[in-house]
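# Any chance you could fold what I've pasted below:
(one chain, ligands or ions: 1)
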Amino acid sequence: MRSHLLNDTTAEHYRRSVTEGVERVAAKLASTRRPFTGVTPDRLAPVIAAVDLDTPLADASAALDELEDVYLRDAVYFHSPRYLAHLNCPVVIPAVLGEAVLSAVNSSLDTWDQSAGGTLIERKLIDWTCARAGLGPAADGVFTSGGSQSNLQALLLARQEAKTTDLSKLRIFASECSHFSVQKSASLLGLGPEAVVSVPVDRAKRMQTVALEAELMGCVSEGLVPMAIVATAGTTDFGSIDPLPGIAALARQYETWMHVDAAYGCGLLVSPTRRHLLDGIELADSVTVDYHKSFFQPVSSSSLLVRDAATLRHATYHAEYLNPRRTIEEKIPNQVDKSLQTTRRFDALKLWMTLRVMGADGVGGLFDEVCDLAAAGWELLAADPRYDVVVQPQLSTLVYRWVPEADTGPDLVDRANLHARKALFASGEAVVAGTKVAGRQYLKFTLLNPETTTADIAAVLDLIAGHAEQFLGENLVHAS
Ligand SMILES: *Cc1c(COP(=O)(O)O)cnc(C)c1O
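A predicted model of the protein is given here:
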């Protein structure tokens with residue numbers, strides 16, 4: 001069994017084993033024509049249940065054979081041009097290479113003595129991202145597991161910086177289109193159920209600063225304390241970017257923490273043509289960046305940035321076995337002092353390899369392509385009488401709804417759209433997302449694949465209309 005440990009004597013086993021895995025995946029990528037097989041949990045669950053985990057197979061080849069049945073055949077493939085659903089990107093090869101290296105070396109980024117150069121690489125990437133955001137000379141940050149964790153940590157810092165320790169008094173302001181992790185974080189941070197104030201959006205789905213100001217005024221006049229304003233720079237559904245400079249002015253006026261949730265829109269930091277959409281981000285106290293969304297990185301790769309490095313002390317605890325106080329005096333760079341996690345992946349290496357091979361413009365150019373694609377998709381939808389489209393996209397999502405020619409009432413249209421989404425998923429020909437707008441069922445494309453074309457979008461719209469029309473036909477027949 002020792003032959004399975006990765007070390008100096010098993011290098012050849014390692015090379016063969018990983019190469020075989022890479023070859024299987026490469027063959028899979030080359031032969032996969034659809035994003036999904038349409039497999040149902042009912043069909044797949046018994047296959048996985050039948051595996052006896054106490055009885056190993058003969059070797060890695062056998063395990064890879066089995067993996068075909070339990071995973072690879074029916075996985076959802078984000079590299080497919082017709083995967084148009086959630087904020088998942090096809091990944092860039094230099095990042096996958098980085099992933100292979102970081103898993104094999106297995107550095108842990110909590111302390112210098114578990115990572116050495118890994119710590120400095122992560123720090124340099126944080127500094128680089130802070131500079132791209134314009135956060136100033138005192139900025140710092142740390143890699144996290146994802147946007148949800150970044151938002152949680154940002155709000156933890158904001159809570160600790162707030163002007164009261166009475167948690168019941170604290171209020172967080174976020175638009176009605178903000179990410180649900182804001183609500184979750186508030187709950188985890190011990191704030192009350194009323195803590196998150198939902199600020200209305202304008203027609204373009206951006207936070208209304210006039211409404212924000214009214215809410216802030218109301219909050220203070222009731223003796224409550226504004227703890228943070230969360231501006232979303234790229235809402236998950238619409239890609240809409242809240243008015244950052246206006247929000248920053250209000251944050252300053254009310255002496256409140258400004259957090260920018262740029263989990264989605266962070267790709268603009270490297271966009272050769274659209275960086276201006278993030279103007280005002282430099283005024284934030286903290287920023288969430290999800291490289292695993294718009295930097296084409298494998299999950300997970302994310303960071304939290306702060307304007308003032310000193311605020312990260314709210315996440316600092318010391319343990320004799322790990323990062324004793326003396327390591328601060330000794331200036332030993334221990335990233336655990338800034339992180340909610342302890343043992344932590346060297347995810348930064350993926351971004352490092354990406355920048356060293358492709359450059360920032362290369363990544364930003366890919367994000368620009370999908371934003372251009374969304375603009376073209378909007379033209380298609382706006383001109384198509386079968387569809388209502390909600391807003392012209394700033395980033396790369398399209399939210400739309402199939403509508404029949406005849407007036408059948410909105411409930412049946414809701415059901416037809418939901419049916420179309422499910423039928424499409426079951427067919428495996430394309431995967432799209434859904435959401436609700438003003439209580440009505442809508443469908444959503446999240447475009448993060450530069451290989452997707454307007455022809456793909458048109459074809460998927462035809463498929464959706466086909467499913468929806470069929471559903472309507474059947475249900476009108478049954479109703480009459
Ligand atoms: C995706 C997303 C998050 C959460 O990020 P995870 O990496 O999925 O945890 C937070 N905010 C916004 C706006 C997002 O789109």
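# so which strand or helix has residue 251?
helix 244-253 (DSSP states H and E).
# Could you list the residues in contact with that helix?
207, 209, 212-213, 216, 229, 231, 233, 256-258, 260, 278-281, 283-285 (Cβ atoms under 8 Å, 6 or more residues apart in numbering). From N, CA and C alone the C-beta is placed, and that goes for glycine too.
# Kindly report the same for stretch 154-172.
182, 185-186, 189-192, 194-197, 219, 223-230, 255, 257, 259, 285-288, 304, 306, 311-312, 314-315, 340.
# These in helices, which ones?
182, 185-186, 219 (DSSP state H).
# Return the member of those nearest to the ligand.
For the ones in helices among the contacts of stretch 154-172, the minimum distance to the ligand (Cβ to the nearest ligand atom) is 8.0 Å, reached by residue 182.
# Pull the contacting residues for that closest one.
Residue 182 neighbours (Cβ under 8 Å, 6+ apart): 151, 155, 172, 174, 196, 230, 261.
# Which positions in this protein make contact with the ligand?
87, 146-148, 151, 179, 181, 232, 236, 261, 263-264, 290, 302 (Cβ under 6 Å from any ligand atom).
# Including neighbour count, could these go into a markdown table?
Formatted as a markdown table, the residues of the chain next to the ligand follow (neighbours: other Cβ atoms under 10 Å):
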| residue | neighbour count |
| --- | --- |
| 87 | 19 |
| 146 | 21 |
| 147 | 26 |
| 148 | 19 |
| 151 | 27 |
| 179 | 23 |
| 181 | 22 |
| 232 | 30 |
| 236 | 24 |
| 261 | 31 |
| 263 | 28 |
| 264 | 29 |
| 290 | 28 |
| 302 | 25 |
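# In which helix or strand does the residue nearest to the spatial centre of the chain reside?
Geometric centre of the chain, nearest residue: residue 293, 4.7 Å, by Cα atoms, centre = their mean. In the assignment (DSSP H and E), residue 293 maps to helix 291-294.
# what packs against that helix?
Packing contacts for helix 291-294, counted by 3 or more Cβ pairs under 8 Å, 6 or more residues apart in numbering; DSSP states H and E, involve strand 302-306, helix 348-383.
# mind putting these in JSON lines, mean pLDDT included?
Listed next are the helices and strands packed on helix 291-294 as JSON lines, based on pLDDT from 0 to 100:
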{"stretch": "strand 302-306", "mean pLDDT": "98"}
{"stretch": "helix 348-383", "mean pLDDT": "98"}
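# out of the ones you listed, deepest packed?
For the helices and strands packed on helix 291-294, the stretch with the most neighbours on average is strand 302-306, a mean of 27; neighbours defined as mean count of other Cβ atoms under 10 Å.
# Would you mind pulling up the elements that it packs against?
Using 3+ Cβ pairs under 8 Å, 6+ apart, strand 302-306 sits against helix 117-133, strand 140-144, helix 147-161, strand 286-290, helix 291-294.
# Quick check: which of the ones you listed is buried the most?
Scoring these by mean count of other Cβ under 10 Å, the most buried comes out as strand 286-290, with a mean of 31.
# Not counting that strand itself, show me its contacts.
87, 129, 133, 135, 141, 146-147, 150-151, 154, 157-158, 257-264, 266, 269, 281, 301-307, 311.
# residue ranges with poor pLDDT in the stretch 51-200 of the chain?
Within the stretch 51-200 of the chain, no stretch has pLDDT under 70.
# contacting residues around the residue in it that the ligand sits nearest to?
At 2.4 Å from the ligand, residue 147 is the closest residue in the stretch 51-200 of the chain, using Cβ to the nearest ligand atom. Taking Cβ under 8 Å, 6+ apart, we find residue 147 in contact with 179, 181, 261, 263, 288, 290, 293, 302.
# How about residue 323?
So residue 323 contacts 110-111, 334, 336-337 (Cβ under 8 Å, 6+ apart).
# And the strands in the stretch 351-480 of the chain?
Along the stretch 351-480 of the chain, the stretches classed as strands by DSSP state E, counting those that start in this stretch are 387-389, 397-402, 431-437, 440-446.
# got the buried residues for the last one?
This points to strand 440-446. 441-446 (16 or more other Cβ atoms under 10 Å).
# Cheers, nothing more for now.
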